[in-house]
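Peer 1: From the sequence below, what's the structure:
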Amino acid sequence: MNTTIIIYIASAIIFIILFFSLRFLTDKRRQLAAEVRGRYNATALLTPTEAAFYPVLDDIARHQGLLLFCKVRLADVAKTAHAENYSTYMKFFGKVKSKHLDFVLCDADFIPLVVIELDDPSHENKPNRENDMLKDVVLESIDLPLIRVPAAKHYNKKELELDIIDCLP
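Peer 2: Presented below is the predicted three-dimensional model:
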């Protein structure tokens, strides 16, 4: 067979495969869009209490040359170590994968240095106390300092900054 004809046939086959692949993906996207439509609502990243606290912590972070992150997943700070089997790995990953930390202060290399948890009255119920205990124990196990700050109308910025400085390496 002529090389030109083989190239045309191969090009046509590739075109047909791409055409049907794109059509399938477009149909799949439409189906998924119809399925999730109305199931989610946009929301603020921080609660009003956290939003009121953020500027205080942001000022301290800037003053200390630190980077401030909010709503950081615990699993992204405390990476699950290898385990003897997948089941054990998933058991420990499962404990941290859906938990988040209110605020994390990092150095310029994005290494977490201090975790700040803002504790409002919701932390007094049993499930939240248990979540807090898990965070405490996991962070302690990786030697990452945790500062718990009771939610308030006003915060003593100097005192909080000194607490943070005490935790820095």
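
Peer 1: make it CA atoms for all contacts and neighbour counts henceforth
Peer 2: Will do.

Peer 1: Let me know the next secondary structure element after the helix or strand bottoming out on mean pLDDT in the chain.
Peer 2: The weakest-scoring helix or strand in the chain, judged by mean pLDDT, DSSP states H and E, is helix 3-36 (a mean of 76). Per DSSP states H and E, the first helix or strand lying C-terminal to helix 3-36 is helix 48-64.

Peer 1: helices or strands next to the helix or strand following that following helix in the packing?
Peer 2: Using DSSP H and E, the next helix or strand after helix 48-64 towards the C-terminus is strand 67-73. Secondary-structure packing of strand 67-73 (3 or more Cα pairs under 8 Å, 6 or more residues apart in numbering; DSSP states H and E): helix 48-64, strand 100-106.

Peer 1: Can you tell me what sits against stretch 67-82?
Peer 2: The contact list for stretch 67-82 (Cα atoms under 8 Å, 6 or more residues apart in numbering) reads 45-46, 57-58, 61, 89, 92-93, 96-108, 110, 112, 135, 138-139, 142.

Peer 1: Emit the PyMOL select command for whichever of these are buried.
Peer 2: If you want just the buried ones from those in PyMOL, going by 16 or more other Cα atoms under 10 Å, the selection is:
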select buried, resi 57+58+61+92+93+96+97+99+100+101+102+103+104+105+106+107+112+135+138+139
